[in-house]
Structure formats: C-alpha cells, structure tokens
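Enquirer: Mind looking at a prediction? Sequence and model below.
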Amino acid sequence: MTEFSGLLTATVFLPTAGALAILLFVGGDRNIRWFAAAVALADLVLSLWLFATFDRADSAGRFQFIDRFPWIPGETLNASYFLGVDGLSAPLVALTGLLGLCAVFASWHITHRIKEYFFWLLLLQTAVMGVFTSLDLLLFFLFWELELVPMFMLIAIWGTGRKEYSAMKFLIFTFLGSAFMLVAIVAVYLTPGVGTFDMTLLSTPGAMLGPAGLLLPLGALFWLFLVAFAVKLPTWPLHTWLPDAHTDAPTAASVMLAGVLLKMGGYGILRINVGMFPGQTEKFAWVLVVLGVISVLYGAVVTLRQTDLKRLIAFSSVSHMGLVMLGVGSVGVSQGALTITGLSGAAMQLFTHGTITGLLFLSVGLVYEKAHTRYIPDLGGLAGRMPLVAIAFLIAGLASLGLPGLSGFVSELLVFLGAFRAYPLMTALAVLSIILAAGYVLWMIERSFFGQSRERFAEITDASPVEAAPLVLLAVTIVGIGVYPSLLTDLFEIGLEPMVAILNGGG
Amino acid sequence: MLDQLQVWAIFFLPLASFVLIALVVRPFLNHFSRISGLLLIAALAVAFLLSVQALVWTIQDKEIVSQSWTWLEFGGVSVDMGLLVDPLTAIMLVVVTGVSLLVQVYSLGYMHGDPGFSRYFAFMALFTASMLGIVLASNIIQLYIFWELVGLSSYLLIGFWHDRPTAAAAAKKAFLVTRIGDVGFLIAILYLFFQADEFAAQGLNAFYIPDIWIAAQPLAVGGLGILGGAGLLWFSLGVFAGAAGKSGQFPLHTWLPDAMEGPTPVSALIHAATMVAAGVFLVARFYPVFQASAEAMTVVASIGAFTALMAATMGLVMNDIKRVMAYSTISQLGYMMAALGVGAYGAAIFHLFTHAAFKALLFLGAGSVNHATGTFDMRYMGGLRRVMPATYWLVVIAGMSLAGIIPLGGFWSKDEILTGAWNGTGLIGPWVNQAVVAALLAAALLTGFYTLRMIIMTFHGEFRGGGDKESADRGEPAAPVSDDHGGPHLGESPKEMLAPMFVLGVASVVAGFLVNPQWIDLIGIPKHWITEFLLGGLEHNLLPLGVELHAPDFSPMMALASTAIALAGLGLAWLLYRSWTKQGVDQKEPLRMAGPVHRLLSEKYYMDALYEGAVVRRFFYRGFAGTLDWLDRNLVDGVVDLFGWIFRNFGPLVLSRIQTGQVQTYGAVVVLGGLAILVGFLLT
Amino acid sequence: MLVVDIVFWILSVVAIGAALGVVLVKDLFRAALLLVVVFISAAGFFVLLSAEFLAVVQVLIYAGAIAILIIFAVMLTRDVQQGNLPNRIQIPAVMLSALLLAALVWTATQTPWGLVQEGSQPVVDLVQTTAVSIVEDDSLRAVGLESPEEQQAIRQAGLADLLINDFVLPFEAVSVLLLAAVIGALALVRPRNQ
Amino acid sequence: MSLENMMIVAAALFAIGLYGALARRNVLVVLMSIELMFNAVNLTLVAMAKYVAPAGLAEDVVQNIGSVLTGQVFAVFIIAVAAAEIALGLGIVFAMYRSSGAIDLSDATQLRN
Amino acid sequence: MSLHDLYVISPYAGMAAVAILIILLDLVVPRKGLLPVAAVAGLLAPLILSLVQLNDLVDGTDLLADVVPASVLVGTLSVDRFALFFNFLVLAATALVIISSTDYVKRMQQFRGEYYGLILFSATGMMLLAAATELITIYISLELTTLPLAALAALLMTARSTEAGMKFLIVGALSSAVMLYGMALVFGFTGSTTLEGIAASVAAPGQQNVPFGSYAVLVGLVLILVGFGFKISSVPFQMWVPDVYEGAPTPVVAFLSVASKAAAFAILLRVLFTGFFDVSLEWAGLIAILAAASMTVGNLAAIGQSNIKRLLGYSTIAQAGYILVGVAAGITGAASGLDLPEYADIGPNSVLFYLASYTAANLTVFIAVIAVGNHLGSDRIDDYAGLVRRSPFLAGALTLGLVALIGVPPTSLFIAKLYIFTAAVDSGLAWLAILGVINSVVSAYYYAKIIRIMFLQPAAYQEAIPIPATSGLALSLSGVALLWIGIAPGYLLKMAEVASVALAG
C-alpha cells in the first residue's frame, strides 16, 4: 500500500515550497523574480526528467513514479495520498512545467504586489500538477479545487477591465461544475462494493458495478463528472466564463488558464469519463460529438466577431477545446474496432493547444504591454516594430489554424481521423472550422501586425531577451512537436491503450 | 541508397537554405543579406542538377529504392514519409527547380535593396522546399502537409510587403480561399482512414499513394474495389476541391488575381509556374483514382473548361498587367484541368511544362516593365518597346507562345489538349468532350486577344507617364507603388534580370517541340516523348480500363483551327487597339462599347462582391456571426447575470421587508414556523 | 368534588381574565398588579392539584419576588412609558396565538393520556402533598397502605429527597445558573465608572 | 376538574402570554407575558404530575412512587429559571433604558437589514 | 452523592469553579491583564479532568455504567465519548475566544471579570448540555448556556449592544417557553423525563395514523425542536441571528456562533437519536427540510450584506443547514425501504466532524474580524478594502477562514462537507446533497466578495494594522487547526466516529 519514490511529490510540491519561501524569506522585486524563475525552472527540469525517464517498455507498469500512502484511513473515507503518472499524464505534467516557467517570465514586468503575485502563481502550478498526477479521486478533487483561489486572485488583482466580475464568474462557474463532480465522487465511493477512491482500481472493467447494485445510475455519474469537466474545458454552452476570465486576466494567468487549466477538463474527461465509464462514454458518444461540433463551430464563428485580441483568442479556445470533445466522441464508432486515433488526438490537442494558446497569450501580452491596447481596430503595422513578437504570434497563429509542420495540425488531424470513423457527417461539419480558424487568425494577424505602421507605435520596441525567452521556448516546442509528433503520440498511446482495450473488450 | 539520398537532397537543399537564412543569416548577418540569395541560388542549382539526374534515372526506368520514415502511427496505420519518383514527379522536379532557380537569379536584381531581402529568400526557399515536398510525397498525408506549407509560403510571399494593407488582405484572401478547397482534400483523407481496415485487410496502407491507386481499381477489371461507388466519387471530388482551390478553378479562383500584390518574381514562380500548377499535379497524381469515376472526370473536365473560358473573358478588360496575366494563368490552368478531365493526361502535364516557361517569362517581363515605369497599370505605360527592346521581344515570344502560335511551346501543348479532348477517351460522355473543345477554342480566341492587347498597351505607342503620373492622377503624394526600391528609371533591366528571362525565352521557343516532337524522332528524342513518358508511368499504376493510353497523333485540322482562332484573336486586338495607343491616358477603352458586358467583366462577374460583400461580410459575418455573438454576450451571460441580480437583490427587496429589526416579528416567525411544521406533519 | 370544580372554574375565570388584563390593560402598573393576580390564582391551581409546596413557592417567588421586581421596573421606567401599546403585528399575533391554542387544546383532548389508575390516585395525591404536611399513619392507612415497608417508602418520597438525589445535577446546575444570571444582571445595572 | 380542563386553561394562559409577548410594544409587558407562559407550562406540568401515571407506576406503585413528583420538580426548576431570567431580563431592560432611553421594542430597531 | 459522582461531574464543576474564581479574582487583582491568563490556565482543569475521564472510558460507554451502587446521576447525565468530544470542542473554542478577547475587552473599563466569568459559565452550560440525558437537565443546561450569553451580548452597554442582548433574551425566552411546553407534553405522555424512558415509551405502538404515535409526542417534539432550532439558528427560528451578531461584542458572537451552536447540535443529536430514535423516520424528513431551508435562506440572505458580522450571521445560518444535513442523514431506512430506522454508517459522526471543522474555520474568521474591528472600529465590509496591504497576516488568515467556509480544499470544511454530503447520499438524501453543493457554490459568491474587497480595493488609509500577540496566537492556532483537519483529517474522523457510537447506546 505504501510506496514512495518522491520524484513526483517533489515535482508537485516544489512550487508550493517556492511560493512559501517567497512569502517568508525572499525580498526585493528582483530577487523574487529570479527566485520564482529558478523554482519554475527547477520544476520544469523535474517534469522533463519524468517525461524523459518514463519507461515506455511494454513490461513497465502503467503508472510509474508512484508515491502512495494512506491519507484518510478508515472505513468511512478510505482515501490515500496517491500520485503517479502514466502515458496520458506525463506529457501534461511536462506541459505544466513548461508553461509554468513561461508564466514566470511573462510576469517579469509585474511590480504591483509582486510577492503575493508569485506566491499565487506558484501555488497554482502545484494545484495543476496535482490534478494531473493524482490517482486518488479525493486527492484529485482536492487539487482541482485548490486551483480556484490562486486563479481567482491572479485575475481579480492583477487583471484588467472588469477583472472582479470576471474573476467571480470564473469562480462560480468552476465551483458549480466541481460541485457536480463532488456529488459524483461521493456516489462512486458509496456504491456498494466500491468503497475506494483509487482511480486505478476504479478504471478496471466493471469496478463500478458493485454486487449490490448502483447507488446512482452509471449514466448519472457519467454526466455529473462530465458537467464538471465540460465547464472547465469549456464546452458550449458552459463556456461563457472563459472569454471574460481570459480577457481580464494578466498575461501569465491567461497563459496558465488557457495553457493548462482548460486541459484539466480534457484530462478529466479522458481519465475519468472514458477511463471509468467506458460503457457510458460509448453510449453517449453522440452527445459528446454533438457538443463538440457545436463548440467547434460556434466558438469559431463567435471568434470571428471579436475585436479584443485576448477575447478573440479566448473564443478560439472554445472552438479548439471542442475538438477534444469530438476526439473523445470517436469512441462511438459503430462498425469495426475502435482505434486509438481519436482519443490520442484529443490528448494531443490538450498538449498542443496548451503550447499554442500559451504562445498567443504571451505575444498578446507583450503587445498590450507595449501598445497599451488590445483593441484590434486600434492596432496595426506592429510587425515592423516588433518583428520577434510578430513571428512568435505568426507561428502560434498558424499552428492554431492547423498548419502542418506545427503542433496543432497533428492533433486536429488525429481528432478528425478518429471522429470521422464514428460520425462522418458531424466530423465533416467540424472540419469546416479550419476555414473559420484561418479566417480569424489571419484577420487578427492582418489587422494587428500587418498594414501601415502607426505614428503612435513609433516608440515601441521589440521583446527584450527575458520577454523573448518564453516565446522562443514555446515556438520551438510547437515546431518540434509539429515535425516530430511521435515523441508525444507514442506516450499518449501508451497511456490510452488500456482504455481502448477496455472499450473494445466491453463494447 | 545513394539514389535515394540524392533525391532527398533535392528537397532538403532548399529547406536547409531556409533554415540557414532564417536562423543564421537573417538574425546575425543581415548586413550581408546578399548571402541569402546566393545561398539559395547555389542550393537550387544543385537541386536542379539532381532533378535532371532523377529524370534521367526515371527515363532509364531505374528503380529508386525509397526508404521511408515513420512520422506518426495510430490506429494500426502508419504515416510514412517517403519518396515517390515516377515520370510525373521527375518532370515536375525539373520544372520546379528550374523555374525557381531562374526566378531566384532574377530576384537578385529585382529585390535588390529591399530591407526584407533575406526574408524574401527565406520564404522563397521555404516555398521551393514545400513545393518539392508535394511533388516527391509518397504518402497522402505527407502530400497534404506540404500542400498546406505551400499555401503558407504563398501567404507569406503575397503579404511580403505586409505594411501594404492591400497586400496583407490579398495574402489572407489567398490562404482562406484555398483553404476552402483544402477542406475537401482533408475530408477525402478522412475518408481513406474510414476505410483503413479494408486497406489493411489487403495488406495496403490507406495513406500510401500507390496503395490508394491499387485500391481504386474497380472490381470489374480485376481490381480490389476498396474505393468504389459513391465513396470513390466523394473522395475524388474532395481531392479535386483541394486542387481547384490551389489552381484557382471556378468558383475558387478569386484569390489569384489579388495575389498579384506580392513581388512580381513571386507571381512568376508561385502564381504562374508552380504552386498553382500543384492543383493540376494533384489531380494527375490521383489520376488512377479519378479515372475510375466517370462522374468525377466529368466534373473535372467541365470545371476546367468553364474556368478556361470565364477567366479569359475577365482577362480581356483588366488594366493591370499582372492581373491580365493572372486571369490568363487561371484560364490556362483550366485548360490543364480540362485536359485531365477528358483523359488527356500527358497533354495536361505537357501544357503545365510549357506554361511554366512562358508564363514565368511573361511575369518576369511584367516585373521588368514595372522596374522601369514604377507602375503595373498599363494605361500609364506605352512605348516601352524602344527603351527596353530585349524585354519587349522576350514578352512577345512568351505572349505568342501563350496565344498558341506555331511553332512556339504553347502551340504544341495546347494543340495536344484540343486533340485529346476532341478524340476523347470514352471515359466520359462525348457531349462533354464536345463542350470542352468548344469552350477551349473560344478561350483560345480570347487568349490571343488579351495577349496582344496587353503587349500593345504596354510596349507600343507613346509613353504615358508611368508611376509618377499614376500617383499624380490619384492625387497621392509621390508614394512609389514600385516593387523595387531603386526607384523607377525608364530603361532596360539589369543583367541578373534579363539573363533568366532569356533562358526562359529560349525554353518557350524550343521546349515545346523538343520534348514532344509530333512527327519525327528528333535528334534522338522519340516522337511524343514527354506524353508517352508520362503515360508510361501512369500505365504502370493502373489496370486497363479499355482506355487508349497513348498520345493522340498530331491532327492538322485541329492545328489549323486553333491557329486560325488564335490569329483571329490577335487580329481583333490589333484592330481595336492599334489606334488607341496613339492617344492619351484618358482615352476611352475600346471595349467599353460592350457596355454592361464590359462592366460585368470589369467587376469580375461581381463574384468578389458576392463572396466578400454579400456572403461573407453581410450574411455570414454581420448576420450569422453577429447574431451568435450577440446571443453569446447577452443570452447566456444575461441569464447568468440575471441570477446574480436576483441573488444580490434578495437582500434589499425581500430581506429588508422581513428582517425589520422588530424583535417580536422574529418571535412570531418562530411560532409560525413551529405551527407550520405541525400542520405539515398533520397533512402528510 | 363539586366544591373543587367550582373553585377550579372560579380560578380559571380569574386567571384568564387577569392574564388578559396583563396584556391588554393600558396602565402598566395595573398590568403588573394583574400579573400578581394570575400568579396567585396559579397558586390556587397548585393547591387544587395537590401541589401545596409549589403553591407556596409560587406565592413566594412569583408573587413576592418577581412581581415586585417588575413593579419596581415599571416605576423606574415611568418617564418613558406611553402605556401598554400594541405593535404592528397585533393581528397576526392574535391569529398565531389562537392557532397555537387550538393546537394545544386539540393535543390535550385527543391524546390518550396514560392516566393514573383510579385506585392509585389517593396514593399519588398523598405523596404529592407530603412536601408541606406531616404524613400520619392514618392517612397512609386511609389510602390503603398497610405494610410498614410501603409506609416507609411513602414517607421517604418527597420533593426535597428528589432534589438531592435524582435531580441533584440540575439542582446544582440551576444554582450556577442563578449565580450567573445575578452576575450578569449586576454587571448590566451597576453604574459605569466614567 | 380534570387533566383536560386544566390543560385547556393552561393553554389559554399560554396563548394569552404568547399574544402579549408578540404584540405588545413595552418590553416589560413582554417580559410579564413570558412569565405568563412559564406559569402556563408549570400548571400543565403539575396537572400531569397529578393525573398522568409516570413510567413504571402501573407495575409497582410503591417502588416507583417518587416519580409522581417529577412534574413538580420540573415546575420548581422552571420557577427558579424564570426568576433568573426575569432578573437578567430586567437587567438588560435597565441597560437598554440607560443606553437608548427607551424600552419600546418597536423603537429598538437599530439592528436590521 | 458518592465520590465517583463527584468525579463524573468534575469537569463541569471545575468549569463553574473557574468561572467563580475569575470573578473573585477580578475583585482582588488590580492588573486586569491577568484575568484572561488565569481563565485560560483555569481551563486546564476541566481539560485535564476530561482527559482523565476519556482515559477511563476505554472500555466503557459511560462513566456511570456499572457503578455499584447505582449513582444518583444515572438518567440525568451520560459522560460518554460523545460528551467528552464536545467538552474538548467547547474548551478549545472557549480558550480561543478568551485569548482573542483580551484586546477587545480592554475597551471595557469595568466588568472584565464578569465578562470572562460569564463566558465560562456559558461554557459550563454547553458542556453539560452535551452530556445531559434528561429533560430537566437539558432545560437547565440550555438556560445556563443562553442567559450568560444574553448578558454578554448586552455587555457593551451601547444602544446596539443592549438591543442585541434584548433580542436574544426575548426570542430565547419565547422559544424556551415553547420548548418547555413541548417538554411538558412529552413528559405528560411518556411519564418520564429521561431520554431512556421517553425512548421506551415512544417505541410502544401508538395511535394509528398519527405522526409519532400520538398528538402529544408530535406537538411536544415539534415544540422542543423549536427551542433547539433557536439555538442552532435553523430556519425558521433564525431571525434573531443577524441582528444579534451585528450588535453583540464580536468575541461573544464568535463564541455564540461556534460553541453554542456545537452544544445545541450535541443536544439535538442526543435527544433525537437517544430519545426519539424509533420515530426517526418521521423526524428525519423534517430535519432534511429544515436543512434545505436553512442552507438556502442563509446563503441567499448573506449575499448583499454590507456588515461583516451580519454577513457571518447569515453564513452561520447556512452552515447550520449543512450540519442539519448530517443529522437528517444519520438515519437510513427510507432509502432501503425499511419500516424501521437504522443507524447510518455515516451519520452523527459527520455532524461531529463538521462541528469541529466549522469551529476552526469560523473562529479563524471571527478572530481576524475581532482584530480588524478593534483597530478600525468598524465592521463594514467596505472598510476591509485593501486589508492585505495594511495587514497581510490578518488578510491571509481571514482569507483562509473564508475559503474554508466555502469548502475549498485543503481546508477542514472541505472534508467536512464531503463527509456530510457523503452521509446524505448514503442515506438516500442525494437531493439534499446536491442542494447543499449548489448552496456551497452560491456561498462562494459572498465569501469571495470579502476576499475580493480585502485584496483588490484600494485602502482608504495606509497605516498598518497592528496585530496583538494574543490575536496572532489565536489565529495561528485556529488556522493551523483548520489546515490540519483539512490535510490530515484521519484522527478527527476517528474521534468523531468513536464519539458518535455512544449515541447509539
């Protein structure tokens, strides 16, 4: 029952330790920044180490780097501290490490209440890492909720515009979603014959069908979980918190929000909905697909109308996260065996969208910081003034519209390929989104970076080395994954293969 | 092994130049930006030689063993990046590397002094590499990847002068419109995966192009028939949609004229010779599949022929020299598509080959003219024959080749298309063949007309002031519209620019006959060499459908007819424009007498207005997207905010009525509560 | 029996009438005096209910102490009094009281109370009155208790005995409560220093 | 006189007390009314002590005889608590009188929503 | 009374003795600063005695069981683990309140001895309440809890404070009169005042088609619940709460909101589970409805409040609702379709756990509010603007407490809510759990509003708010407790579980 290698615990809690150290020991704006960067870098190194040393051999265990000991022992709430990564979560942990570092760099200009700022930022990282690595439902939920407060603070204090309204909206929506999840977790636990929060046990076929029957119908559990994740993802029509939160959040928070927080929703769907309720996922796949397609198209169409750069990117996230739903919906394949394609695409989409929106938000952050506006009609001709930012933005934008050679393409392709086998017509509709995506991305680039450069932007300078570092980091990742996607897909497939096997066996 | 490496090198050389220029030259050596150009030219020169080598190997039927690299693997299917070198590929390789090489040399002069010099060559390198990637791809996903990258390069190069709003808009439009077609292509790929299990059952890979050919062979002739019926038709139409987008076929042609906002060498390379021909190449690549579906072939033929005719009509009235050429390009691509549709596979590629030469030359000539006058508007040109005679004669050669005047290159290829169409292959209904021939002949008439109109307006008569006058007429302060940054100077272009033009001129004159002699084995070149060569490659890959896979013999009647028609077009233009050139700028356009028809053509059949104004902007953007956006802001949020309002006002509105501070009301509520509970118990 | 009933009804009328007076009479002073009347009639009821000890306590504590306290309070706050006025929720209060009365009467009449058996009633009455009277052997025999053990048991049963045995804990607690209340009241009424 | 009659009279007193506690503005009247309610409860308890057989009485009257006094004991305690309550109540009335100069509950509404 | 009896009641007697000693000390000691020190030190006596008793309880369920000859206390008192659990809870809350009061009480020139004494008297009542098993004892303990609190509420002697005291007293007296009538009816019908005797009588078959077997028990129990409802501040007996919370001295409110509520829940559990277990299927539904109403009304009303104490008043109503969910969930039977009720696997123990968690969280909030209010002289939420700049520690602690009240991990109330909703789902009250969860979301709105104002709004004044060492100590203790319960709840869960076994007898 008790296993402890410590690496994962270190990865998860290193940022918290750093946060506390900043709060208590580190003084001076400069020191705080560099200390936070060092912590984030160390965490990135740890997460990459996990990623790199994850044993991909068939003989290796599904979950690795396990840290486990009883947390709340006893019969009434039998929970443990149980961390571990598999092929699905290892890349997401690495992503979190990567974006965590980028977020720190993106916060370099923060001077307002800097101590608190980095405290919350690092705490947020722990929460997200925890979500991706928890293998105990209760612990999972704990980390899931833990993320709320730091994000709320980051938006509400360091945001812009209607920041408080947006922060509140974010809080209430997510909280409402997790409320559903809590009920589901409790119901799962209480199902006669279950009595455990262990996600690895719950993922074995039939684990939820105790001898004495169900407490709640499996379908109800499935939907309770799904609602929580759909809010986070977000899926139409639960998405309305997202544009506000993104628009008003500070750059680093937007990066983390779009880059990893949304991924928690997708991860939850894959890990819990697909992993624990394979039968229900198959049964309701059509609903997922319908929701996914609506999100994809609706998000893209509404994106076209946006005039605020960040709001635009935010809505594009709605569209892109719809693809995750679509990819998961691929399990509804009616003839022939299910292949891993769609699920793998959904998982890839989580990673690639994380890097892409991360880069988009970083670039927009720089634009806003220097040009003091994000209103697209006021912008223009920035490519001449800040070529580096323009290139970064271009790369991210092109990746976002699914250009091959960049990471977005691979995930979109896999999602489409997988989903087409299950629901050809709906998928074909979703494919139309690549036109819409091209439309808004190129329009955005045209209006803000191209065109004649304006008088009032004459003094604008390009990104400084510190500002450019995260841009380069993410751009390299985007291109790298685009050129050599197997690096990730292989790992995701290791993680997803058991689920597919169950789906095929039970279907 | 060595062979394979050499072929790979064709692709990797420009790619490496791109990487080098983008990561080393541009950031660190920008003061020596000329290095970028030279680097790319060197790389392309080697690539060209290797391409020729590959062509020779192909001719010798030497098997180029290709190993592939598994890029991605999922659901039991692997996406392998590999080489597919067949005659089609070999010829395309030569065309792409050759034209690209020449255009780069030209650009060295044309782009001289531009601050984005390195960026330009980086993009050019990326383009060339991607284009070669398309040509070499052995896997449909590999092909799609480079297909999109070509679109990207095109986008970047059209928008090269990104500070010009029109250029930025044109770049966006080009990308978007071609992407509409790409949706079809992508769905076609998705369909392949849909069938992947059946492919796998036969030991085939659903994404490997030769396997797709095999899969498409109908059961009737002993094929596998994995792709068949409606599936095959939809697959073909999907692929054709992609091709139509890239090749500017109706109704997706509107982006190509706008794309002329890019630097002229870009237009020459991308929007005349190579990328737009990629659509034709794509259809040719999947010809074994198309061939299995008469409906698909009919669609290709009709769209091609219609485009050829329609684009030519718009070419008649344009005043911008590059737009005339752009419509001409669309028209000629229509020719090629139509040729493929009627089954004249070899002729289509042959025309692609000759067209690449003369159309590139025409564009380079236009660039040269612009270099001298500072404008693209032919109404401000005139009389250039005297100041730039070399350019003039080269343009005339290319123009006549375009018009199809014997014995220039264009004549032979166009003639072979017409003959092929006339003869038919029996794959599609004869009425389609007839209609195609009629449309193509009509297009030939118009081609002659606009070609000569363009030459006369540009080179004959008196000089009408150039770019300065144009700016003055527009009331703009002398903002040079010129591409080049040396400023306009009425005179012949520098040698770097003329030399490639000269090479292309030679090619335009001789290549047509040399590579495809019609009657005799010419100096060791067999009769109908190129078409037979191509058809040989094709034959390799498909089961006989009872279709004659040989180049049609030269038909004197057809040659006569087409020549007569071309001459008629030229003559008509001469009659109408001969006198016009003597007068001033404000002279009325002779074609205006056609009244509304002229207007219709000038407004490009109102298709841009329809697409952009009505469909996209008004209906979709304002109407549909606007409504959704409004709903999103107000409906969903409104409901959410309403709840918030209710919660917030619960206190002021409800609570303050009850919680009055009068303690006895509290006591009363306590008792009331107790009584209510009692009543509740008694009632249940 | 008749006499008891007559007394009961008289007391009832007096008690209810006086109680109504307490809440309705305009003059607070009179209300307080009427309260004393209610207390005393309650003591009368106690006598009727064979709780003589309680009757004594009632008179001493309620009529003697509490009522006097209230009367003092009435007099002390005389300067701010506008009499005994109803507040705004008078009508709801009447309705609530009526409803509660109905509920209580319904409960009183509809519940099958486990009444003392006819034979035991004299014993019960005897025990209940012992608190204030000496139990004579005659009276024990009169209620049918003949054996010495039974007589001994009855003699020992008494309020005081209960208070220091079965209810010793509440007894001690109530003393703490009285202390606390007194301390609290004192703290509230003692004059401030400043 | 019977248990029911006594209870009805007590209930009437309780209801009157309740009315007074709820509907009278003067805090002293309210306190008095609450005393009425306590008295009503006492009457009920004592009546029950007299008429209702306590647990176990049916089996053995003599052994369980002490329990017939429980009701009275209860009443004694209530009287004591009522005294404490009235004392404290009057203390607060004085404090209120001193701090705000009023003893009218309808005026003591500073604390409200 | 035997020596053993004295030992049994020693924690209560000790507590009362400490109260009296403090008042006496006040008369003789000139340095009033010693009083809280003495009071907290004095708490050690009942603490140690309780610990000794806990130690003795290892094998028994009740200190009074198996004593020969039978103790006179049998019937009135049950010193079991359940009672001891609340002893510790009340002692902890009392200690924290006293520590955090020291600064506040300096405002009062006089009556500091009385202040501490009354708190200790009230605490005595609370401890007794948790152990009482007999109606008279329950009533006396309840009054011993309530009356000192009424005096304390008025002790500031301002108009608002006395108004609060008066309101508390009047509503309290009214409800205890009603409760007494209920007790009389129950006593009258069952012929017994001990819960044991009542249970035996209630178990017997009663009138057909009458809830609880007879009108007397029905009306009696409902009226008793009115009295308890007042103490736990459940809807619809809650209306005094916001007014009293606003007007009374803040430390008293803190005490009222945690200790008094905990004790009231203790007796509610004791009466319902020990006395009326056999009719629990009938009252469980009622409790569930009260829970639903309390949560909803409390939360809705809290939104839009501008005074933090008032807001916390409404919040405490909502919290009472959550706890009532646990009470209602203690019984299964309805879910399993049984005729007879059964003890749920998780029932009263979830209530106990919640109460302890809630005590830690709410005290954290209140101690911070006391410290802030002391300095600002205001309880308006708007005056908390920019608090984080003026006192990061206070703002941080307050945030921690509020976050806990929302129920966000890793704080105590997260586990507690989880536990209590688990209990609800398990007992077939899933609707109540869902409603509770939704209510938690609604509550996030107004709790977060306070956090938002502290962190976001610019401060009107910049000068730092000093934190007295005592408040700092108290805050640290409660904050650590709430985190500790949240992160490692195992021990407390075990304790609650063991304690609640005593209820089942």
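Expert: Looks like it came in fine.
Enquirer: Would you quantify the distance from E:S391 to B:L675?
Expert: As for E:S391, its distance to B:L675 is 48 Å (criterion: C-beta to C-beta, to the nearest Å). C-beta: built from backbone N, CA, C; applies to glycine.
Enquirer: Show the residue spans covered by the helices in the stretch 51-200 of chain B.
Expert: Remark: helices assigned in the stretch 51-200 of chain B by DSSP state H, counting those that start in this stretch are B:87-110, B:117-136, B:140-158, B:165-194, B:196-201.
Enquirer: Let me know the angle separating the fourth one from helix B:140-158.
Expert: Angle of helix B:165-194 versus helix B:140-158, following axes from the mean of the first three to the mean of the last three C-alpha atoms, to 10 degrees, is 180 degrees.
Enquirer: Does chain A have contacts with helix B:165-194?
Expert: Yes. On the criterion C-beta under 8 Å from any C-beta of the partner chain, helix B:165-194 is in touch with chain A at B:165, B:167-169, B:171-172, B:175-176, B:179-180, B:182-183, B:186-187, B:189-191, B:193-194.
Enquirer: Tell me which residues of that helix come out buried.
Expert: B:165, B:167-194 (16 or more other C-beta atoms under 10 Å in any protein chain shown).
Enquirer: Next, B:H162: phi, psi?
Expert: The phi and psi values for B:H162, taken as degrees, to the nearest 10, are phi -70, psi -10.
Enquirer: my read: it touches A:S448, true?
Expert: No. Between B:H162 and A:S448 there is no contact under C-beta atoms under 8 Å: 11.3 Å.
Enquirer: of these two, who's got more company?
Expert: Taking other C-beta atoms under 10 Å in any protein chain shown, B:H162 and A:S448 do not tie; A:S448 has more neighbours (27 against 24).
Enquirer: Next one: the host helix or strand of C:A19, is it in contact with chain D?
Expert: Assigned by DSSP states H and E, C:A19 falls within helix C:2-24. Yes. Applying C-beta under 8 Å from any C-beta, one finds helix C:2-24 touching chain D at C:V4, C:D5, C:F8, C:S12, C:A15, C:I16, C:A19, C:L20, C:V22, C:V23.
Enquirer: what about the third one, how many residues close to it?
Expert: Burial of C:F8, expressed as a neighbour count using other C-beta under 10 Å, amounts to 19.
Enquirer: who touches B:M388 in this structure?
Expert: B:S368, B:V369, B:A372, B:G491, B:E492, B:S493 (C-beta atoms under 8 Å, 6 or more residues apart in numbering or on different chains).
Enquirer: let's see it at 6 Å
Expert: B:A372, B:E492 (C-beta atoms under 6 Å, 6 or more residues apart in numbering or on different chains).
Enquirer: Can you check the pLDDT for it?
Expert: pLDDT recorded at B:M388 is 86.
Enquirer: What of C:Q194?
Expert: For C:Q194, the predicted pLDDT is 49.
Enquirer: go on, A:A419?
Expert: In this model, A:A419 carries a pLDDT of 90.
Enquirer: do B:L2 as well
Expert: 57.
Enquirer: same question, E:A499
Expert: 87.
Enquirer: tell me the SS of it?
Expert: Secondary structure state of E:A499, per DSSP: H, G, I helix; E, B strand; the rest coil, is helix.
Enquirer: these two touch, right, it and E:R81?
Expert: Yes. Using C-beta atoms under 6 Å, E:A499 is in contact with E:R81, at 4.4 Å.
Enquirer: what's in contact with stretch B:232-251?
Expert: With C-beta under 6 Å, 6+ apart, stretch B:232-251 has contacts from B:178, B:180-182, B:184-185, B:187-188, B:191, B:252, B:256, B:276, B:278-280, B:282-283, B:286, B:289-290, B:292-293, B:295-296, B:300, B:303, B:306-307, B:310, B:330, B:333, B:337.
Enquirer: Narrow those to those in helices?
Expert: Judged by DSSP state H, helices contain the following of the contacts of stretch B:232-251: B:178, B:180-182, B:184-185, B:187-188, B:191, B:256, B:276, B:278-280, B:282-283, B:289-290, B:295-296, B:300, B:303, B:306-307, B:310, B:330, B:333, B:337.
Enquirer: so what pLDDT did E:A356 get?
Expert: For E:A356, the predicted pLDDT is 95.
Enquirer: List phi and psi for it.
Expert: phi -70, psi -40.
Enquirer: distance of it from chain C?
Expert: Between E:A356 and chain C the computed distance is 25 Å (C-beta to the nearest C-beta, to the nearest Å).
Enquirer: Pull out the buried residues from the least confident helix or strand in chain C by mean pLDDT.
Expert: The helix or strand of chain C with the poorest confidence is helix C:148-156; it has a mean of 72 (mean pLDDT, DSSP states H and E). For helix C:148-156, the neighbour count (16+ other C-beta under 10 Å) marks C:E150, C:Q151, C:A153, C:I154 as buried.
Enquirer: ok so, going back, near chain E at all, the helix holding C:A19?
Expert: No. Helix C:2-24 stays clear of chain E (C-beta under 6 Å from any C-beta of the partner chain), getting no nearer than 14.0 Å.
Enquirer: Does at least one residue of the helix or strand containing C:I71 sit close to chain D?
Expert: If you go by DSSP H and E, C:I71 is part of helix C:67-76. Yes. On the criterion C-beta under 6 Å from any C-beta, helix C:67-76 is in touch with chain D at C:L69, C:A73, C:V74.
Enquirer: residues in contact with the residue most central in space within chain B?
Expert: For chain B, the residue nearest the mean C-alpha position is B:V276 (2.7 Å; C-alpha atoms, centre = their mean). Taking C-beta under 6 Å, 6+ apart, we find B:V276 in contact with B:S247, B:G248, B:L333.
Enquirer: what's the distance between the closest residue to the first one other than its chain neighbours and B:F286?
Expert: Put plainly, it is B:S247. The shortest distance from B:S247 to any non-neighbouring residue, by C-beta to C-beta, 6 or more residues apart in numbering or on different chains, is to B:G279 (2.8 Å). From B:G279 across to B:F286, the span is 11 Å (C-beta to C-beta).
Enquirer: Check E:I136 too.
Expert: E:I136 is 97 Å from B:F286, by C-beta to C-beta.
Enquirer: And those two? Which one has more around it.
Expert: E:I136 (26 against 23).
Enquirer: tell me the phi and psi of E:G206?
Expert: With angles defined as degrees, to the nearest 10, E:G206 shows backbone torsions of phi -120, psi -150.
Enquirer: how close does it get to E:F277?
Expert: Applying C-beta to C-beta to E:G206 and E:F277 gives a distance of 15 Å.
Enquirer: just A:L436 next, same as before
Expert: Distance of A:L436 to E:F277, computed by C-beta to C-beta: 65 Å.
Enquirer: ok, now C:V74?
Expert: 48 Å.
Enquirer: What sits closest to the residue positioned nearest the centre of chain D if chain neighbours are left out?
Expert: Note on chain D: the residue nearest the mean C-alpha position is D:F38, at 0.8 Å, using C-alpha atoms, centre = their mean. Spatially, and ignoring its direct neighbours in sequence, D:F38 is nearest to D:A82 (4.6 Å; C-beta to C-beta, 6+ apart).
Enquirer: Near that neighbour, how many residues? Count them for me, please.
Expert: By other C-beta under 10 Å, 26 other residues sit near D:A82.
Enquirer: Okay, now the unreliable bits of the chain?
Expert: Using chain A. In the predicted model of chain A, residues A:1, A:74-76, A:208-215, A:334-335, A:506-507 satisfy pLDDT under 70.
Enquirer: Chain B, not that one
Expert: Along chain B, the model assigns pLDDT under 70 to residues B:1-2, B:475-489, B:521-522, B:541-550, B:580-592, B:594, B:636, B:651-652.
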